[in-house]
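Visitor: Pasting a predicted model and its sequence here:
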Amino acid sequence: MKKKGKYQVVVFTTDWCPHCTHMRDHVWTADSVIDAVKSYHNKGPAFVVCNKPQNRHFVTEFDIEKYPTVVIMDEDHNIEKKANNMSPEDLVLFLEDF
């Protein structure tokens with residue numbers, strides 16, 4: 001098992017995506033998800049809004065094909081795990097099974 005404190009959870013979203021809005025409002029706010037993400041670097045996910053001009057390069061750099069995309073990356077920005085649109089239960093499993 002890897003030490004989660006050395007990894008960051010990053011969420012790639014857009015302003016126009018209904019799944020992104022749903023995850024932001026209903027999944028990332030669930031107590032079980034908040035508890036599961038605490039063991040990662042910075043104690044919470046970093047949200048990147050990909051349709052903002054200054055963030056467009058992340059889509060290519062991290063090969064983002066769907067929104068929302070949740071990744072776990074190391075300190076050198078290497079993606080260790082990647083998934084899309086999840087329920088609170090699936091996101092907890094995604095975060096804990098690392």
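Guide: Arrived safely.
Visitor: Low-confidence regions, the protein specifically.
Guide: Applying pLDDT under 70 to the chain flags the ranges 1, 42.
Visitor: Shouldn't Phe58 be within a strand?
Guide: No. Phe58: not assigned to a strand; according to DSSP: H, G, I helix; E, B strand; the rest coil it is helix.
Visitor: That one contacts Lys52, doesn't it?
Guide: No. Taking contacts as Cβ atoms under 8 Å, Phe58 lies outside contact range of Lys52: 9.8 Å. Any C-beta I mention is one placed from the backbone N, CA and C, and that applies to glycine too.
Visitor: could you pull out the helices for this structure?
Guide: Here the chain has its helices, by DSSP state H, at 18-22, 31-37, 56-61, 88-96.
Visitor: residues in contact with Trp28?
Guide: 11, 34, 45 (Cβ atoms under 8 Å, 6 or more residues apart in numbering).
Visitor: ok, it to Val92 distance?
Guide: Trp28 is 11 Å from Val92, where distance means Cβ to Cβ, to the nearest Å.
Visitor: got it, and Ser39?
Guide: 12 Å.
Visitor: just to revisit the earlier point, do you know which of the helices of the chain lies nearest Asp76?
Guide: Of all the helices of the chain, it is helix 56-61 that lies closest to Asp76, at 12.7 Å by Cβ to Cβ.
Visitor: which residues of the chain fall in strands?
Guide: With DSSP state E as the criterion, the chain has strands at 8-13, 46-49, 69-73, 79-84.
Visitor: For the shortest one, which strands pair with it and how are they oriented?
Guide: Spelled out, that is strand 46-49. Paired with strand 46-49 in the same sheet, following DSSP bridges, are strand 8-13 (parallel).
Visitor: got a list of contacts for the partner strand?
Guide: For strand 8-13, contacts defined as Cβ under 8 Å, 6+ apart pick out 20, 23-24, 28, 37, 40-42, 44-50, 58-59, 62, 64, 67-73, 75, 95.
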